[in-house]
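Chemist: Got a sequence here, can you model it:
(chains A, B, C and D, ligands or ions: 4)
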Amino acid sequence: MAVMNMIEAINSGLETMMERDDNVVIMGEDVGYFGGVFRATAGLQEKFGKTRCFDTPISECGIIGAAVGMCAYGLRPVPEIQFADYIYPGMDQLISEAARLRYRSAGEYTAPMTVRSPVGGGIFGGQTHSQSPEAMFTHVSGLKTVIPSTPYDAKGLLIASIEDNDPVLFLEPKRIYNGPFTGYYDNPVSPWSKFAESEVPEGHYTVPLGKAKIVREGDAVTVLAYGTMVHVAKAVVEEHGIDAEVIDLRTLVPVDIETIEASVRKTGRCLIVHEATRTSGFGAELSALVQERCFYHLEAPIERVTGFDTPYPHSLEWAYFPGPVRIGEALEKIVRDLKS
Amino acid sequence: MAVMNMIEAINSGLETMMERDDNVVIMGEDVGYFGGVFRATAGLQEKFGKTRCFDTPISECGIIGAAVGMCAYGLRPVPEIQFADYIYPGMDQLISEAARLRYRSAGEYTAPMTVRSPVGGGIFGGQTHSQSPEAMFTHVSGLKTVIPSTPYDAKGLLIASIEDNDPVLFLEPKRIYNGPFTGYYDNPVSPWSKFAESEVPEGHYTVPLGKAKIVREGDAVTVLAYGTMVHVAKAVVEEHGIDAEVIDLRTLVPVDIETIEASVRKTGRCLIVHEATRTSGFGAELSALVQERCFYHLEAPIERVTGFDTPYPHSLEWAYFPGPVRIGEALEKIVRDLKS
Amino acid sequence: MADEKPKSNLPPLSLHVPEPNFRPGDTVDYSGLEIPAAGAQARPDINTKPKDMRDMVDDMIRVLDDDHAAVGPWDPKLDDETLLKMLRTMVQVRTFDDRLHRQQRQGKTSFYMKCTGEEATSVAAAMALHADDMCFPSYRQQGILFVRGYPLTEMVNQIFSNKADKLKGRQLPIMYSSRELNFFTVSGNLTTQYPQAVGWAMASASKGDSRIAAVWCGEGSTAEGDFHAAMTFAAVYNAPVIMNIVNNQWAISSFSGFAGAERATFAARGAGYGIAALRVDGNDPLAVYAATRWAAERARTNQGPTLIEHFTYRAEAHSTSDDPTAYRSAQEREEWPLGDPINRLNKHLIQRGVWSDEQQEALDAECLEAVKEAVKEAAKNGILGHGLHQPFETMFQDVFEEMPWHLKEQAAQANKEREIKWPS
Amino acid sequence: MADEKPKSNLPPLSLHVPEPNFRPGDTVDYSGLEIPAAGAQARPDINTKPKDMRDMVDDMIRVLDDDHAAVGPWDPKLDDETLLKMLRTMVQVRTFDDRLHRQQRQGKTSFYMKCTGEEATSVAAAMALHADDMCFPSYRQQGILFVRGYPLTEMVNQIFSNKADKLKGRQLPIMYSSRELNFFTVSGNLTTQYPQAVGWAMASASKGDSRIAAVWCGEGSTAEGDFHAAMTFAAVYNAPVIMNIVNNQWAISSFSGFAGAERATFAARGAGYGIAALRVDGNDPLAVYAATRWAAERARTNQGPTLIEHFTYRAEAHSTSDDPTAYRSAQEREEWPLGDPINRLNKHLIQRGVWSDEQQEALDAECLEAVKEAVKEAAKNGILGHGLHQPFETMFQDVFEEMPWHLKEQAAQANKEREIKWPS
Ligand SMILES: Cc1ncc(C[n+]2csc(CCOP(=O)(O)OP(=O)(O)O)c2C)c(N)n1
Ligand SMILES: Cc1ncc(C[n+]2csc(CCOP(=O)(O)OP(=O)(O)O)c2C)c(N)n1
Ligand SMILES: [Mg+2]
Ligand SMILES: [Mg+2]
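Modeler: Ligands and ions are numbered 1, 2, ... in the order given. Prediction:
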């Protein structure tokens, strides 16, 4: 065991896999000598050499496209897209190619790649360093989407993603790289080292894809969240003294429907929280699923607390962010709401 | 009035706007001399000249990117993407640029473009000529998404889209270009000329964006659909003799929430039908909205009938398509379902 | 400002929109087309720096002269056996195309695409590669499969999308895949295979392997961003890859001018990245072979990528969905000054004294028989839309390696629907 | 197969991964860098065909010689007044950059980006354009705004994202926009402006206008597909556009080799499309001016696009988020053989006898005063994160021209939250 923040955990996950499997290669803008703009790949080029961890041209299309070809050869590439906001030029290669390879070739060719990319706001990154585009990818058949919320999970899920034989989009909430941000942006952030989830095994372990984690048990309402919002939701729940069950989804596709269903059947209420824009966000899918499967157990409308349907504004980012006030209001409404 | 199929109506809409406004220009792969692979732009180059309607290089990025620049100049481009399946290489220009221009420049620059593209399956087009990617675009703030279901609406909505000062994605269900397909693929398709909706005014008129149409009034259940599925849903409703209210959304963003809410409050039941893959499809957003706003009026779970979460398979396309059996089953279930 | 002239004093600009030389009904005149004599092109040493061979992008490598002799430094000096195999393979391809096109017209499948007139660009190219070199084709390189011996019946099964189709009826006809033959799964999205081929080549190089990659796209497809990504990556990492541009003059209804042909050859793109680039008479199978061989040797000796423009002509429609008489002059094909690759090789072999008209006739008949036989065999496994398709469950397989819960639920739904439609 | 060698007999391939010449601590030696003498480049007539000037892509246009004199056919022969304006503008830019960078360090905003050492590539270029020519900048062409007289205070308001920011605090600092000054809104997504500029130029041409477009991107950004789209569209439609590549050697931590510089110049890309291309000493303001002028004349006379590579050096960090000492040698800047554009113009003016060290000192002081004043003024309108931001409603404006119901509801929610957080 070692104490790691999320970046260190990711770095350790990459290192572990590069050591175990010669076919694991890392590529992306500034990931080589420099070790990545968030330092996630620091030291890997030095340790494994330039053909295992290298910089690329600034072409997201080329990065994912080349990775598809590497998969066809037999490698297991882990490309980095510097910010999720910049994944769009690589979208066709990800959607039409990586995600479709196994299907269209009836299993002859596969794309066991893990595309890593930082998501989310709260760092005054403006509209092009703050986006959470995960919902789009959850609509793509053949693609898995994973978002960790702790160092322990980050490493375990990353290893599971790299070992997975299908393409995985691994989105890292950059706001919690250093510590579990709880939404109170005026307060100093406590580093991960102060939390148990920073205890990370040195070597190989996995956190399975498709399995959610109950972060906090409770009976009053089920809160579904992932990434940064797990911490914010948990903090608000505690602040409001509500006996909520907080579930960290960890994998969006395939989502852990069993855990969700069991919880909502128990609580009869459900709040969904995400940072992404509201309309057609992943919260919509969660809401639809819960409603379809737990309709007769629901005692109040399922609520969504989300980012607004605007670009992420630079100066008003805390007005945009679905923080404690927005979540708190919704929570109170749900638990107060009595079925008429 | 003239009798037009959907392609003719779209062609007429384009012609009308090109006549009224010199700034309207059409560009895309094969749209010039040839008039488009579906003939939607036939005759326009001959009539308006090569600088008003012209072929482009095969670069969806370039097409939408150049259109953004033309908007900055003051034109009102109507680019065509040959199939919606091929929009992904142009996604960054559409999402990060066209949709964000007004916001990021605080109104200094705008993108009054209408991106036309055929969507949907049912023509044995295989997985790359059949997709319905609309949901992704509904997640993008700053973009409107429109899908007509009749010749009359197609022309009226297209003119409204071109006149709109924001970017509009105008998706044309290619399966109903010639006639209103009802899902019974073994039956011959009746041409549009046999239906009243093929009566299309020659000149200028609009069907407003953001307004749904009640295609069939009813009290038993609200059916939300758009594009091809409007016709399929209506046929199934009639076949099953269910007193359903069928709503053609016409615009997905901004969606006509008033019409939806009023209907579901009346019927207490809701079925959502779309051809796109299920997970995170636009049906999820509709389900969430209806649930949030009509929870206390719902007498049965909202159901979604959709394409499956797989690529559109070539030979099994009718097993994939959300046809009469799938819709019929769901309809029967909803109207039978009694609140426990 | 140094000089701020009022706008009105300046001459008006005008937009140039390319227009092909000939439209339906026009008389075709190819005299403007520069076609150098066969044998006239120097063959640079394979160690030549791209910059030092820049002028080759405006030339055209040709081996077969007007008398059907193989001439000049690019003559690959192939033995009779190889040449006969080349001829036979090209005839197989053309026969197959004709016959399968007809099947589509008869309603046995939804779609077909021929490569008529362009057979050399895949057949001769593939023959110049090793069997274990990896090919990333577009939809018009069926020739590679013929070179590598893919069974005809399998091809027809795919085209009929039937229950024996190895791709489980999922793909549009002709979108083949064969891992066994190092033939990458064909995509409907243009040019995506370009950076993929470069990635494969990078992987091969980084593993110290000796296999190289080859990739094909049409001249129209070079406009996609993927092309640029591939060129950039190939240049940066010196990837062992041969990038073929099949310039068949047309992209559906758009002539090559809409991909930039009015200003530069497609081979010139390569020079822009410092990549070795050749321009070849694509209807001259020996030239195609020789150029591919040159590029392959270069790649195999760690000298990196080569771009090859094959100058050819799309003799028939884009696909079964298209009617070219609506946008181009029928004469274009008839008068195409570079002839037909099969004819030219036939004439060369006859001139060489190892082939005759009778033998050609026999070969044609034999190839037709083989295709007919394959069609008959495949039809036993079903034709599109007539029941003998893959089981419904297959629709949900291979989305992921393991089927997640939501696909299992959906598969159950699909089976239920089948039961309702066709109660067993 | 003609020859199917067993794999094992072939030599192993290897992957080339570029590596810059110098890393932190390394001694820098620029002797390998080819720098031609000033004045040695011929100036082709503006009617020259791109193919006939292909060799210019490997040359470098330089006007100011080692003695600070303007020499050769590219000397734009500018008058003193223009040169003094050029100097003053570049000093304004540098002073502004230094001062605003410091504001970021003091916590007054989130982010800043300098263009130190590259001032000529925007200032001299913009001066060679007409004021109504449309500019599509990347994030490092603040110089254009200075040339066109954008008020400093407005710039600082934008950087502070305050309540007077014309962009309503929505954009990251330095992502300016000014429709009035024909300066396109800066995007965070690299190279998207490239095809946009071409589209604008196409529109201008199709309207018979006389205005042309100019666009800038970094050398690293040329790898994006948008670059290729722009080049292709510009070539196809002969668009009146000047496409500038600011080759400042670095893209964050990646040297230009990762964009392909090991094999070809960036100007060479242009030749690949048959587009006129020039390569310019980007630290020589007169060369930048002259090249831009040449390209502008070409564009304005319907002779289409020109690509200009500005060979320069990013003297400082990529942005305030970056520390270049982690990946490159500090000596690189110190020894940059093409000097500094401000110094060089200063020396030229002194040599010319119209300028002195004292005047320079006065100018420096004056510029600093002006920036300080602007910062002070702007700070009155607020600094980032300290309350004086735009009203919450502005967050929901301009998503669409008219606010749809869902944004109205969300705006109400935002206002409610504000009331809860800060009860009025
Ligand atoms: C990304 C994408 N855009 C558009 C299309 C539609 N399309 C299919 S083939 C084709 C023309 C391709 O022409 P070319 O590259 O010259 O190849 P050829 O058909 O001549 O072999 C087009 C536009 C597509 N398949 N993919
Ligand atoms: C599409 C996209 N990918 C990645 C980035 C992240 N990024 C910002 S600046 C930069 C480097 C650009 O280098 P260059 O083009 O040389 O311009 P310079 O900064 O040197 O002026 C990168 C990779 C981005 N902004 N957009
Ligand atoms: Mg072609
Ligand atoms: Mg740079």
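Chemist: Could you use CA atoms for every contact and neighbour count after this?
Modeler: Noted.
Chemist: Format the CA atom coordinates belonging to stretch A:235-251 as CSV.
Modeler: Output of stretch A:235-251 as CSV, limited to C-alpha atoms (Å, rounded to 0.1, in the frame of the first residue of the first chain):
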residue,chain,number,x,y,z
ALA,A,235,-21.1,16.2,1.4
VAL,A,236,-24.5,17.8,0.8
VAL,A,237,-26.3,14.7,2.0
GLU,A,238,-24.3,14.9,5.2
GLU,A,239,-24.7,18.6,5.6
HIS,A,240,-28.5,18.2,5.3
GLY,A,241,-28.5,15.2,7.6
ILE,A,242,-30.5,13.2,5.1
ASP,A,243,-30.3,9.4,5.2
ALA,A,244,-29.5,9.1,1.6
GLU,A,245,-27.9,6.1,-0.2
VAL,A,246,-25.2,7.5,-2.4
ILE,A,247,-24.1,5.4,-5.3
ASP,A,248,-21.0,6.0,-7.3
LEU,A,249,-21.7,4.5,-10.7
ARG,A,250,-18.1,4.2,-11.7
THR,A,251,-19.0,2.7,-15.1
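Chemist: And for residue 200, the neighbour number?
Modeler: Using chain A. A:V200: 25 surrounding residues under other CA atoms under 10 Å in any protein chain shown.
Chemist: could you do chain C instead?
Modeler: Neighbours of C:W200 using other CA under 10 Å come to 32.
Chemist: Confirm for me that it is in contact with A:G69.
Modeler: Yes: checked against CA atoms under 8 Å, the pair C:W200 and A:G69 is within contact range at 4.3 Å.
Chemist: what's the nearest residue to the closest residue to ligand 3 within the stretch 251-400 of chain C if we skip its chain neighbours?
Modeler: Nearest residue of the stretch 251-400 of chain C to ligand 3: C:A251, at 4.2 Å (CA to the ion). Closest residue to C:A251 apart from its sequence neighbours, by CA to CA, 6 or more residues apart in numbering or on different chains: C:G220 at 5.3 Å.
Chemist: Got the phi and psi for that neighbour?
Modeler: In terms of degrees, to the nearest 10, the main-chain angles of C:G220 are phi -60, psi -40.
Chemist: and C:S321, how many neighbours?
Modeler: 12.
Chemist: dump the residue contacts of it.
Modeler: Counting by CA atoms under 8 Å, 6 or more residues apart in numbering or on different chains, C:S321 touches C:F111.
Chemist: Contact residues of chain C facing chain B?
Modeler: Within chain C, the positions near chain B by CA under 8 Å from any CA of the partner chain are C:15, C:17, C:110, C:161-162, C:169-172, C:188-189, C:220-225, C:252-254, C:258-259, C:326-327, C:384-385, C:389-390, C:392, C:395-396, C:399, C:407, C:410, C:414, C:417-418, C:420-421.
Chemist: repeat that for 6 Å
Modeler: C:S161, C:G169, C:R170, C:Q171, C:L172, C:G188, C:A223, C:E224, C:S253, C:S254, C:F258, C:A259 (CA under 6 Å from any CA of the partner chain).
Chemist: near chain D, from these?
Modeler: Answer for these near chain D (CA under 6 Å from any CA): C:F258.
Chemist: how does chain A divide up, domain by domain?
Modeler: A:2-200, A:213-339 (automatic domain parsing).
Chemist: pretty sure A:D248 is touching A:G227, no?
Modeler: No: counting by CA atoms under 6 Å, A:D248 does not reach A:G227; the two are 7.7 Å apart.
Chemist: Could you check how far A:A40 is from B:E238?
Modeler: Here the criterion is CA to CA, to the nearest Å. By it, A:A40 lies 59 Å from B:E238.
Chemist: Look at those two and report which has more neighbours.
Modeler: Neighbour count, other CA under 10 Å: between A:A40 and B:E238, A:A40 has more, with 22 against 13.
Chemist: domains in chain C, as residue ranges please.
Modeler: C:50-379, C:392-421.
Chemist: need the strands for the stretch 1-150 of chain A, in chain order.
Modeler: All strands of the stretch 1-150 of chain A, identified by DSSP state E, counting those that start in this stretch, fall at A:2-3, A:24-28, A:53-55, A:76-80, A:114-119, A:144-146.
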